[in-house]
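K.L.:
sequence and predicted structure, then a few things I'm wondering about:
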Amino acid sequence: MDSLMDISNIRADFPVLDQQVNGSTLIYFDNAATTQKPKSVIEALSHYYQKDNSNIHRGLHTLAERATTAYELTRAKVRDFIHAPSSDQIIFTSGTTAGINLVAQTFGRSTFKAGDKILISHLEHHSNIVPWQMIAEETGAIIEVIPVDETGVLDLDAFINQLDEKVKLVAVNHVSNAIGTINPIAKIISLAHAKGARVLIDGAQSVAHIDIDVQTLDMDFFVFSAHKLFGPTGVGILYGKRELLASMPPYQGGGEMIKEVSFSGTTYNELPYKFEAGTPNIADVIAFGSAIDYVKSHGTEVLMKQEQALLAYATEKLNAIPGLRIIGTAPEKIAVISFVVEGIHPQDLGVLLDKFGVAIRTGHHCAQPLMQRYGLVGTCRVSFAFYNSLEEIDRFIVALQRSIQMLA
Amino acid sequence: MAQTIVDIQEELIAEFDLFEDWADKYEYLIDLGKKLPAMAEEWKTDENVIKGCQSRVWLHGEKKGEVVNFQADSEAVIVKGLISMLIRVLSGHSAAEILAADLYFIEKIGMSQHLAQTRSNGLLAMVKQMKNYALAFSAQ
């Protein structure tokens, strides 16, 4: 396959890949859960704690200045990465889930009235379901679900019918974590805007694979996690349009988010600090900057091309296994394949594949409504990153066939 | 003289000692799972589902005379194999013996990874539930 890049150098950038698990060389196919970290990210973390550790923004000494500069540099890198108009529209959170909860508890709480509608899709992760259920319960808003067809594609005709002036927010993922469907978010956003609804895009599964331009797409809110973009855990991003972020009340109270405090009242700090109460995750934010540098040094398009080649190859190999059925066959997918094998519980395959050194995910993938839609308790899911190889897929297929044989 | 819980564990350890590699061990475990006697349908209820397993696992315990008997089922065959061993070790003993049992065989046969505190591995939850039954029966 000549479209594949030479990944031998790339693999050397990810120390975790070079190890034996249960007697075999590790094959890491659980990248949708979290991606591995390049050396530069690990070194940035270590460098920060060895040289620069200090609390940011308030200190006037040299270390505080270094830490603050590095922290704010990541904000600028994120702005550039998702093509946001300004760095102060980049809010650091602890992850995608925290970003969605922030929007639900601020924008949602101040906007939703009884009878208003929140549209989510049948493809959502629990993180893009439960925060809306919580705020719907409080405000009397109603949740409606955009249906998904047998192949895993959202039903846009149904969506158009669901859109009316009662819809205040459409919250959908860019890419399904469970089955890999890439949703037509440009269309979803323009249709929603035509009816006056705001749109939150959950980019947890897309940001490492697809170029994101929040302005071209006219996104109202975009949320994602650093750890799915080769960065550390515990860091997330919330991007929002300026007028929305400015009008939203603060989320949590504390240090950093205030301008002045007295016992008679408090004035809040400006964006983005209004939403960043307390000492943030400084070290991981700084190291996340190195992850963005790493991705940019290769280019998302090159990485996506590699992953699509892996997806096509693995899909063909899996389809050739008798009794195996791929769940989610949308024409546009990222390199995620969910599958079930006739008569075998996904957990059994997961346990045996682990013994062969292959890390996959089994279960409902925090998307129980989607599993129910397909009448499944769960699936096996393999998800690739650009550092995976065709040779790993070959070894995985052999291990899978042997596992099926053992269980049959 | 009936076998003690320790006797049965030693027997299992000896059986697993015959296997050279993990694949043979797991094939034996899968075989044990497949041969686990069917659980009476009346006990496959939501109340008997053990929480904390990725696959559904049902466990029912009954006191008969001085001993406690267990039956169980699972959707996943490796889990069934694990339960099958627990039942073989603990079923038919008194509540006091079950409560006091140290299940060292799990580690000795190389299955301790199934005791890990992750959401997918329910072995710990199964042991706890069996001991809960024993505790409830010993209070009667």
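P.N.:
Yes, it's here.
K.L.:
what secondary structure does residue B:137 sit in?
P.N.:
Residue B:137 falls in the helix class when you classify it by DSSP: H, G, I helix; E, B strand; the rest coil.
K.L.:
what residues go with each domain of chain A?
P.N.:
Listed domain ranges for chain A are A:8-30+A:299-407, A:42-296 (source: automatic domain parsing).
K.L.:
mean pLDDT added to the ones you listed, as CSV?
P.N.:
Below are the domains of chain A laid out as CSV (pLDDT from 0 to 100):
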stretch, mean pLDDT
domain A:8-30+A:299-407, 96
domain A:42-296, 96
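K.L.:
so which of the ones you listed gets nearest chain B?
P.N.:
Closest approach to chain B among these (C-beta to the nearest C-beta): domain A:8-30+A:299-407, 3.9 Å. Every residue, glycine included, has its C-beta placed from N, CA and C.
K.L.:
I'd like the distance from the closest one to the chain centre, please.
P.N.:
18 Å (C-alpha atoms, centre = their mean, to the nearest Å).
K.L.:
how far off centre is stretch A:271-281?
P.N.:
Distance, centroid of stretch A:271-281 to centroid of chain: 21 Å (C-alpha atoms, centre = their mean).
K.L.:
all strands for chain B, in order.
P.N.:
Along chain B, counting by DSSP state E, strands occupy B:57-64, B:67-74, B:93-94.
K.L.:
most packed of the ones you listed?
P.N.:
Mean neighbours per residue, mean count of other C-beta atoms under 10 Å in any protein chain shown, is largest over the strands of chain B for strand B:67-74, with a mean of 22.
K.L.:
looking at the strands of chain B, which is nearest to residue A:319?
P.N.:
Closest to residue A:319 of these, according to C-beta to C-beta: strand B:67-74, at 29.1 Å.
K.L.:
and that closest one with strand B:57-64, angle?
P.N.:
Here strand B:67-74 runs at an angle of 160 degrees relative to strand B:57-64 (axes from the mean of the first three to the mean of the last three C-alpha atoms, to 10 degrees).
K.L.:
center of chain B - which residue?
P.N.:
residue B:86 (2.2 Å; C-alpha atoms, centre = their mean).
K.L.:
which residues touch that residue?
P.N.:
Contacts for residue B:86 (C-beta atoms under 8 Å, 6 or more residues apart in numbering or on different chains) come out as B:70, B:72, B:103, B:123, B:126, B:127, B:130.
K.L.:
got a ChimeraX select line for the buried ones in these?
P.N.:
A single ChimeraX command selects the buried members of those (16 or more other C-beta atoms under 10 Å in any protein chain shown):
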select /B:70,72,103,123,126,127,130
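K.L.:
nearest to chain A among the contacts of residue B:86?
P.N.:
For these, the nearest to chain A is residue B:123 (11.3 Å; C-beta to the nearest C-beta).
K.L.:
if I look at the closest one, how far off is residue B:97?
P.N.:
20 Å (C-beta to C-beta, to the nearest Å).
K.L.:
for chain B, which spans come out with low pLDDT?
P.N.:
Scanning chain B for pLDDT under 70 picks out B:1, B:52-53, B:115-121.
K.L.:
quick check: residues of it near chain A?
P.N.:
B:22-23, B:26-27, B:30, B:54-56, B:75-79, B:119-120 (C-beta under 8 Å from any C-beta of the partner chain).
K.L.:
and which of the contacts of residue B:86 is nearest residue A:188?
P.N.:
Nearest to residue A:188 among those: residue B:123, at 44.0 Å, using C-beta to C-beta.
K.L.:
can you pull the contacts of that closest one?
P.N.:
Contacts of residue B:123 by C-beta under 8 Å, 6+ apart are B:82, B:86, B:106, B:111, B:114, B:115.
K.L.:
residue B:83 too?
P.N.:
B:33, B:36, B:57, B:59, B:72, B:73, B:74, B:126.
K.L.:
and with 10 Å instead?
P.N.:
Shown in contact with residue B:83 (C-beta atoms under 10 Å, 6 or more residues apart in numbering or on different chains): B:32-33, B:36, B:39, B:50, B:57-59, B:70-74, B:122-123, B:126, B:130.
K.L.:
same question for residue A:315.
P.N.:
Applying C-beta under 10 Å, 6+ apart, the residues near residue A:315 are A:326, A:329, A:333, A:335, A:337, A:339.
K.L.:
now tabulate those in CSV and tack on secondary structure.
P.N.:
Output for those, formatted as CSV (three-state DSSP):
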residue, secondary structure
A:326, strand
A:329, coil
A:333, strand
A:335, coil
A:337, strand
A:339, strand
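K.L.:
what residues of stretch A:30-38 count as buried?
P.N.:
Judged by neighbour count using 16+ other C-beta under 10 Å, the buried positions of stretch A:30-38 are A:30, A:31, A:32, A:33, A:35, A:36, A:37, A:38.
K.L.:
who's sitting farthest from the centroid in chain A?
P.N.:
Distance from the centre of chain A peaks at residue A:264, with 41.0 Å (C-alpha atoms, centre = their mean).
K.L.:
count the neighbours of residue 107 for me.
P.N.:
Picking chain A for this. Residue A:107 has 23 neighbours, counted by other C-beta atoms under 10 Å in any protein chain shown.
K.L.:
wait, chain B
P.N.:
12.
K.L.:
going along the chain, name the helices of chain B.
P.N.:
With helices called from DSSP state H, chain B shows them at B:5-17, B:22-35, B:77-90, B:95-100, B:105-108, B:123-138.
K.L.:
quick check: buried residues in the second one?
P.N.:
Which is helix B:22-35. In terms of neighbour count (16+ other C-beta under 10 Å), helix B:22-35 has its buried residues at B:25, B:26, B:27, B:28, B:29, B:30, B:32, B:33.
K.L.:
find the nearest non-adjacent residue to residue B:23, please.
P.N.:
Leaving aside its sequence neighbours, residue B:23 sits nearest to residue A:406 (C-beta to C-beta, 6 or more residues apart in numbering or on different chains; 7.0 Å).
K.L.:
and the angle for the helix or strand containing the one you found with helix B:22-35?
P.N.:
Residue A:406 is part of helix A:390-407 when elements are defined by DSSP states H and E. Relative orientation of helix A:390-407 versus helix B:22-35 (the same axes, to 10 degrees): 40 degrees.
K.L.:
between helix B:77-90 and helix A:390-407, find me the angle.
P.N.:
Using the same axes, to 10 degrees, one finds that helix A:390-407 and helix B:77-90 are set 50 degrees apart in direction.
K.L.:
give me the buried positions along helix A:390-407.
P.N.:
Quick answer for helix A:390-407 (16+ other C-beta under 10 Å): A:392, A:393, A:395, A:396, A:397, A:399, A:400, A:403, A:404, A:406, A:407.
K.L.:
rebuild these as JSON lines, extending it with distance to residue A:136.
P.N.:
JSON lines is the format used below for those (distance: C-beta to C-beta, whole Å):
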{"residue": "A:392", "distance to residue A:136": "43"}
{"residue": "A:393", "distance to residue A:136": "42"}
{"residue": "A:395", "distance to residue A:136": "46"}
{"residue": "A:396", "distance to residue A:136": "41"}
{"residue": "A:397", "distance to residue A:136": "44"}
{"residue": "A:399", "distance to residue A:136": "44"}
{"residue": "A:400", "distance to residue A:136": "41"}
{"residue": "A:403", "distance to residue A:136": "42"}
{"residue": "A:404", "distance to residue A:136": "43"}
{"residue": "A:406", "distance to residue A:136": "46"}
{"residue": "A:407", "distance to residue A:136": "42"}
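K.L.:
check contacts around the closest residue to residue B:77 other than its chain neighbours.
P.N.:
Spatial nearest neighbour of residue B:77, excluding adjacent residues (C-beta to C-beta, 6+ apart): residue B:33 at 4.1 Å. By C-beta under 10 Å, 6+ apart, the contact list for residue B:33 reads A:348, A:407, B:73-74, B:76-85.
K.L.:
what is the neighbour count of residue A:61?
P.N.:
For residue A:61, using other C-beta under 10 Å, the count is 8.
K.L.:
surely it meets residue A:52?
P.N.:
No. Taking contacts as C-beta atoms under 10 Å, residue A:61 lies outside contact range of residue A:52: 11.4 Å.
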